[in-house]
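[1] give the three-dimensional model of this entry:
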Amino acid sequence: MAVRNSKALGDKPIGKLLIQQALPASVGILVMSLNILVDTIFVGNWIGSIAIAAINVVLPVSFFIAALGMAIGIGGSSIISRALGANEDSKALRTFGNQITLTLVLSIGLVIPGLIFVDDLIPAFGGMGEIFDPAKIYYIIVLCGVPMLALAMMGNNVIRAEGKPRFAMIAMIIPSVVNLILDYILINKLNMGMEGAALATTASYFFCMAYIIWFFLSKNSELKISFSHFNMDFPILKEISALGVVTLARQAVVSVTYLLMNNILFDLGGEESITVYAIIARMLMFALFPVLGVTQGFLPIAGFNYGAENFSRVRKSINTAILYSFLMGLLIFAGIMIFAPDIVAIFTTEPSILEQTPSAMRWVFAAIPIVTIQLIGAAYFQAIGKAVPAFLLTLSRQGFIFIPLVLILPKYYGELGVWISFPIADVLSTIITAYFLNREIRHTLR
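    As a prediction, this is how the structure comes out:
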C-alpha cells in the first residue's frame, strides 16, 4: 500500500481535522448542489416550468439506483476506515474490490428493468398529464448513465475513507462543471430541449467516473487492489450490505417520499404544486451543503478512531461535529426565513409559483438547526459499524415519522398539511436520536 496518510485521522486535533475533512466535502457538495440549482434554473427558463416538474419525477428512480453505489461506498468505507485504524490492510483491500464488483452487478441489474417498465414507472412517480412526455425523454437517457454515477458515488466515499477529502471534492466538482457547460451548449445554443438536458447530465456522470478511476490507479491512493480482490468475500459482503442498507434504505425512503409528494400534490394543486415542491427540494439539496459536509467529514474520523479504540477522540469528534453543524443550520434557517421570495424568483417568473413557494419553503426549513443533531447521530452509528441503530435512526425522520404525517395531515389541512409535516418530523426524529446518541456516549465511549 502507499504512504499511510490515513494515520492523520488518529493524530491531528479534532477541530482542525474536522474542518480539514469537512471543508472539501462542503465545497464538493456546494458545487454539486449549485449544479442542480443552476441546471433547474436553465431548464425552467430555457425549456419551461413543466420541465422542472418532469425532472423531479425522474429523480427518485435514477437516484435510487445511483444510491446503490453510495450505499456500498459508505458501508464499505466504514469497514475500510476501521480496518486502516486497526492496521488490517488486507481487509481494506478485499473490501474495496468487493465494493466495485457489487456496485456494477446491482446497478446494471436494476437499470435493465427500469428501462423495460418506463411507461409504468413514470406515471407511478407523478409523471402524469403534460409531464409524462418530457419526463420519459429525460428518464431514458439519464438512466443509461446511472451505473457510471453509482460507481462514482461508491468510489468517492472510499476516497474519503482514505482521508483524502481534496480528491473527493474534485470528484464532485468535475461533473457539476461539465453538466453546466453542456447544458448551455445543448439546451441554449443547440436548442435540444429535454434531450440536451439529459445528455449533459449523463456526460457529467462519465467524466466523474473517469476521474475516480484515475485516482485509484495513481499513486495518490493507498488502496492498490489486484484481480483477486474482486472475488466475492461473503463475510465482507455481509458487512458491507448490513451497513450499506442504511444508506440504501434512506434513499429508498427519499424515492418513496418523492412518489407520495408528487402524487399528493398533483391531486391537491396539479402541475403547479409539483413545481413548487421541485424548487423546494432543490433548495434542500443546496442549502444543507455545509451540514452535509460536516457529516461527511465526521464519518472517517469517527470510524478510524473507533477502530483504534481511541474513544476520547470519538466523543470529541461527535461534540465538535454537532456544534459546527448546528451553527451552520442557524445560518441556513435565517437565510431562508429572510430571502425565500428572492430565492424563488431566481427559478421562475410565473406569478402563481412565486406566490405559493416562499411560505411553503419556510415551513420545510423551520426545524433545520436542530435536525443537524439527527444527521450526526445517525452517521455516528453507521461510522462505527452498528448497523441496526444506524438503520432505525436514519429511517426515523422520513420513513417512520414524515411519511405517516404526509399521508394524514393533508386530509385535514390541504397543502399546508404537506409542508408542516417537515418540521414536525424533524423535531420528533431529533429527540429520538439525541436520546440514543447520549446513551451510547455514556455507556460505550467512556
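[2] contacts, neighbours, all on C-alpha from now
    Will do.
[3] max-length helix in the protein?
    helix 234-287 (DSSP state H).
[4] so which elements touch that one?
    helix 14-46, helix 49-85, helix 89-116, helix 311-347, helix 351-364, helix 387-395, helix 415-443 (3 or more Cα pairs under 8 Å, 6 or more residues apart in numbering; DSSP states H and E).
[5] for Q296, which of those is the nearest?
    helix 14-46 (6.5 Å; Cα to Cα).
[6] just want the angle from that closest one to helix 234-287.
    Orientation of helix 14-46 against helix 234-287 (axes from the mean of the first three to the mean of the last three Cα atoms, to 10 degrees) gives an angle of 60 degrees.
[7] what separates helix 14-46 from the chain centre, distance-wise?
    Taking the mean of its C-alpha atoms, helix 14-46 sits 11 Å from the chain's own mean (Cα atoms, centre = their mean, to the nearest Å).
[8] residues in contact with stretch 256-276?
    49-50, 52-53, 57, 60, 124-126, 131, 277, 352-353, 356-357, 398, 403, 406, 414-415, 418 (Cα atoms under 8 Å, 6 or more residues apart in numbering).
[9] from the middle of its chain, how far away would that stretch be?
    The answer for stretch 256-276 is 21 Å, by Cα atoms, centre = their mean.
[10] in it, what's buried?
    Judged by neighbour count (16 or more other Cα atoms under 10 Å), stretch 256-276 contains these buried residues: 256-266, 271-276.
[11] if we can go back for a sec, same question for the longest helix of the chain, mean pLDDT?
    Averaged over helix 234-287, pLDDT sits at 84.
[12] what does stretch 311-324 give?
    Mean predicted confidence for stretch 311-324 is 91.
[13] neighbouring contacts of it?
    Contacts for stretch 311-324 (Cα under 8 Å, 6+ apart): 14-15, 18, 291, 294-295, 298, 301-302, 305-306, 372-373, 376, 380, 441, 445-446.
[14] now stretch 196-215
    Contacts for stretch 196-215 (Cα under 8 Å, 6+ apart): 43, 137-139, 141-142, 144-146, 148-149, 151-152, 155-156, 167, 171-172, 174-176, 178-180, 182-183, 186-187, 221.
[15] one more pass at 7 Å, please.
    Contacts to stretch 196-215, defined as Cα atoms under 7 Å, 6 or more residues apart in numbering, come from residues 138, 141-142, 145, 148-149, 151-152, 155, 171, 174-176, 178-179, 182-183, 186-187, 221.
[16] which of these fall in strands?
    Taking DSSP state E, every one of the contacts of stretch 196-215 sits outside strands.
[17] before we move on, the earlier item: deepest of the helices and strands packed on helix 234-287, which one?
    helix 49-85 (a mean of 27; mean count of other Cα atoms under 10 Å).
[18] buried among the contacts of stretch 196-215? Make that a PyMOL selection.
    Only the buried entries of the contacts of stretch 196-215 go into this PyMOL selection, using 16+ other Cα under 10 Å:
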select buried, resi 138+141+142+145+148+149+151+152+155+171+174+175+176+178+179+182+183+186+187+221
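[19] and the contacts of stretch 196-215, which of them are in helices?
    138, 141-142, 145, 148-149, 151-152, 155, 171, 174-176, 178-179, 182-183.
[20] give me the below-cutoff pLDDT ranges for the chain.
    Applying pLDDT under 70 to the chain flags the ranges 1-8, 32-37.
[21] what does the helix or strand just after the longest helix of the chain contact?
    Downstream of helix 234-287, the first helix or strand assigned by DSSP states H and E is helix 289-307. Contact with helix 289-307 is made by 9-10, 18, 21-23, 25-26, 29-30, 78, 81-86, 160-161, 311, 313-314, 317, 321, 325, 328-329, 372, 376, 379-380, 383-384, as judged by Cα under 7 Å, 6+ apart.
[22] just want the angle from helix 289-307 to helix 49-85.
    With the same axes, to 10 degrees applied, the angle from helix 289-307 to helix 49-85 works out at 20 degrees.
[23] now helix 289-307: how far from the chain's centre is it?
    Counting by Cα atoms, centre = their mean, helix 289-307 comes out at 14 Å from the chain centroid.
[24] got the angle for that helix vs helix 311-347?
    Using the same axes, to 10 degrees, helix 289-307 lies at 160 degrees relative to helix 311-347.
[25] so what's K219 up against?
    Neighbours of K219 in contact, by Cα under 7 Å, 6+ apart: none.
[26] next, it: secondary structure please.
    What DSSP: H, G, I helix; E, B strand; the rest coil gives for K219 is coil.
[27] quick one: closest of the helices and strands packed on helix 234-287 to G244.
    helix 49-85 (4.1 Å).
[28] elements contacting the closest one?
    Applying 3 or more Cα pairs under 7 Å, 6 or more residues apart in numbering; DSSP states H and E, one finds that helix 49-85 contacts helix 14-46, helix 89-116, helix 132-161, helix 234-287, helix 289-307.
[29] switch the cut-off to 8 Å
    Using 3+ Cα pairs under 8 Å, 6+ apart: helix 49-85 touches helix 14-46, helix 89-116, helix 132-161, helix 234-287, helix 289-307, helix 368-383.
[30] buried set for stretch 296-309?
    296-308.
[31] please save the CA atoms from that stretch in PDB.
    Provided in PDB are the C-alpha atoms of stretch 296-309 (Å, rounded to 0.1, in the frame of the first residue of the first chain):
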ATOM      1  CA  GLN A 296     -19.200  13.600   5.500                       C
ATOM      2  CA  GLY A 297     -16.000  14.900   7.200                       C
ATOM      3  CA  PHE A 298     -17.100  13.300  10.600                       C
ATOM      4  CA  LEU A 299     -17.500   9.800   9.200                       C
ATOM      5  CA  PRO A 300     -13.900   8.800   8.600                       C
ATOM      6  CA  ILE A 301     -12.700  10.500  11.800                       C
ATOM      7  CA  ALA A 302     -15.200   8.600  14.000                       C
ATOM      8  CA  GLY A 303     -14.700   5.300  12.100                       C
ATOM      9  CA  PHE A 304     -10.900   5.400  12.200                       C
ATOM     10  CA  ASN A 305     -10.700   6.300  15.900                       C
ATOM     11  CA  TYR A 306     -13.300   3.800  16.900                       C
ATOM     12  CA  GLY A 307     -11.300   1.100  15.100                       C
ATOM     13  CA  ALA A 308      -8.200   2.300  17.000                       C
ATOM     14  CA  GLU A 309     -10.300   2.200  20.300                       C
END
